[in-house]
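Student: Quick one, what's the 3D model for this:
(2 chains)
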Amino acid sequence: MNNAGIAPHPSPLPASGEREPSVSEAGEGSSVRVLRRIRWRTLVTVAYFIVIFTVLLAPLVVVIGGSFSAPPNERVVMSYVEFPPKRLTLEWYARIPHAQLRALGFSFVLGLGVSFAACLLGVPTALGLVRGRFRGKPIASAIVRAPLQIPHVVSGIAFLQLFYAVGDLGGAYVQGTTAGLFIGHVFMATPFVVGSVMAVLQRMNPRLEEAACVLGASPWRTFRRVTLPLIAPGVFTGALYAFIVSFVDVPVALFLASPDATTFPVELFNSMEQDFNPSSLASASLAAGFAIVLVFVAQRVVGLDGLLKPKTQ
Amino acid sequence: MKTRWGMLLIVPLVVSAALLFGSQFVFLKQSFFVDLPFGRKAASWSLANYTRILTDPYYLRTLWLTTYISLAVAAACVGFGFPIAKVLARRPSRWTTFLLCAIVLTSFITTVIQIFGIVIVFRADGPINRALLALGIVDRPFTIIGTPLGVIVGLVYASFGFGVMLMYAIVRTIPVTLDEAAAIHGATPLRTLWRVVLPLCLPGLIVAFLTIFNTSMGAFTSAALLGGGRVITLPVLIQRTMLLDVKYGMAGALAALLLLFVVLMNFVSIAILRRFRSVRLATV
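Tutor: Purely as a prediction, here's the structure:
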């Protein structure tokens, strides 16, 4: 690739494409060629984006579109879902099984609980790991991060067996209950809160807290009025990820759920393995709609950059 | 003042450690007991489960299949995702926010919903097959369901959004001024990418690759639903051994194998990365 000679006065323009090229420096012919090269590159980029995003979003569009499609006959199975729909109907929304709606509500409440508990555990952990000075910090950090490395299926069977063992010892079995699911999900979700809060803390200026102390604020007041507002975006991001980890999880919930306490993804999973019909697409579309609202809110509250800050250093 | 921050850590750390070691200890201990019929287990411990895994080619083939699928998934996510992440991070436009939202959205939706869509898109009379038939690329409908390719596609959908988010954050940490400096000194955009941006991103890309690899090694949903019972990856095998065959000891041993393998892969890669980095720093 030795085409550096195209522009006699190489300009930084091609690298930062958002700027308008100036014609004054380069000669007439070469600037046209530079322009043409920029346009060619843009074209390839746009084409690539269109292909990737079409492929990426296709399943979602098909699910939402399919949920409005009228059944071609009475006994509808997966392979007869029409896309694009020939006739629109809301029938499948009316026919969402009660169990799926209940599971959706259950997943939502479970996610909120997991998110709250993960913050209760994760925020002090992050403060301690960033601010604390003690020996064994790498070990503490490794223990906190370990759940990220454990494959989800392994977490699932590990907690199921832990609950059996604890039940055998103490008589209280939590597998198949909300408590069991909750414990498993908190285990998976806490490292995300720790990571995002640590990322904010490491960028924070400690002088601000010192100033509050010097001005006579009590440690608790300093924390509440200075530290907490400053780390709030990190806490929010972590809480959101914790919620999502719980809300989309299948492998752990599959081991720990029971008919009384089933999360929405597990309910959908079972519907696909057993008796699929387009009403599952309707409830899936409801969950997708909820995710869209969630992304919108997150973008408003912390902005996308807050959401996308590196969380694993 | 300084000791207090450390004190904060005590309670959450005890909880985390209890959950981590408690759960890991129990299933690892179980894995040393051979399963007897009706869910009972042997009275004394032995290595029988492990010797069976290591001598029966079926289990090793499963491990290899899972590894190979996960490597393909991680490579596809990083390969297809990096250009997206790089352009989104470096060339902001009025579409950037929308596209990033779409990326985030795909990782906020459970894989099961994506798999519903994948099944409809790829089925025999779905849009993909109709397009390929119309173009004459294939002469009869093909299916990816029940093939390793199908599982790979499902897993790529599950991890792609997350991978792009990770890589976007990585590209953002590299100052744009470096690109501009390279351009001022006459580097073409491609050369800037190859010699400046990519080398600086490389450690981050390897971390992204490993993260996706880890997730895929433990992912159960795609393999179970798109594998159609014909592509048995290690997570599916573990689930079946546990819930269908009720062999807790064997399931524990398989889970231990998976865990050990993933942790080992990570350690080796990070060790290589460290070495590679120090060599690079030494030569600069």
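Student: can you give me the helices in the chain?
Tutor: Since no chain was named, I'll use chain A. Residue ranges of the helices in chain A, as given by DSSP state H, are A:28-66, A:91-94, A:98-131, A:137-149, A:152-170, A:178-203, A:207-214, A:219-222, A:228-248, A:251-256, A:264-273, A:278-301, A:303-308.
Student: ah, I was thinking of chain B
Tutor: Under the criterion DSSP H, chain B carries helices at the ranges B:2-8, B:10-30, B:48-55, B:57-90, B:96-107, B:111-122, B:127-135, B:148-172, B:176-184, B:189-192, B:198-218, B:221-226, B:234-239, B:248-283.
Student: Ranking those helices by mean neighbour count, which comes first?
Tutor: helix B:221-226 (a mean of 28; mean count of other CB atoms under 10 Å in any protein chain shown). Heads up, the C-betas are built off the backbone N, CA and C, glycines and all.
Student: Restrict that helix to CA atoms and write it as PDB.
Tutor: Taking only C-alpha atoms (Å, rounded to 0.1, in the frame of the first residue of the first chain), the coordinates of helix B:221-226 have been written out as PDB:
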ATOM      1  CA  THR B 221     -28.700 -21.000  25.400                       C
ATOM      2  CA  SER B 222     -27.500 -20.900  21.800                       C
ATOM      3  CA  ALA B 223     -26.000 -24.400  21.900                       C
ATOM      4  CA  ALA B 224     -29.100 -25.800  23.400                       C
ATOM      5  CA  LEU B 225     -31.600 -24.100  21.100                       C
ATOM      6  CA  LEU B 226     -29.700 -23.800  17.800                       C
END
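Student: what about it, near chain A?
Tutor: Yes: for helix B:221-226, a contact with chain A is found by CB under 8 Å from any CB of the partner chain, at B:221, B:224, B:225.
Student: Do I have it right that the first one meets residue B:113?
Tutor: No: because the distance of 10.4 Å does not satisfy CB atoms under 8 Å, residue B:221 is recorded as not touching residue B:113.
Student: any idea how far residue A:262 is from residue B:254?
Tutor: Going from residue A:262 to residue B:254 by CB to CB, to the nearest Å gives 25 Å.
Student: out of the helices of chain A, deepest packed?
Tutor: Compared across the helices of chain A, helix A:251-256 shows the largest average neighbour count, a mean of 27 (mean count of other CB under 10 Å).
Student: how about the CA coordinates for it, as PDB?
Tutor: Extracted as PDB, the C-alpha positions of helix A:251-256 are listed here (Å, rounded to 0.1, in the frame of the first residue of the first chain):
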ATOM      1  CA  PRO A 251     -27.900 -20.700  32.300                       C
ATOM      2  CA  VAL A 252     -27.900 -20.000  36.000                       C
ATOM      3  CA  ALA A 253     -31.700 -19.500  36.200                       C
ATOM      4  CA  LEU A 254     -32.300 -22.700  34.400                       C
ATOM      5  CA  PHE A 255     -30.600 -24.600  37.300                       C
ATOM      6  CA  LEU A 256     -32.000 -22.500  40.100                       C
END
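Student: Let me see the mean pLDDT of it.
Tutor: For helix A:251-256, mean pLDDT rounds to 89.
Student: elements contacting that helix?
Tutor: Contact here means 3 or more CB pairs under 8 Å, 6 or more residues apart in numbering or on different chains; DSSP states H and E; on that basis helix A:251-256 packs against helix A:152-170, helix A:178-203, helix A:264-273, helix B:234-239.
Student: Need those in CSV (columns: distance to residue A:145 and mean pLDDT).
Tutor: Output for those, formatted as CSV (distance: least, CB to CB, whole Å; pLDDT from 0 to 100):
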stretch, distance to residue A:145, mean pLDDT
helix A:152-170, 14, 86
helix A:178-203, 5, 90
helix A:264-273, 25, 88
helix B:234-239, 21, 91
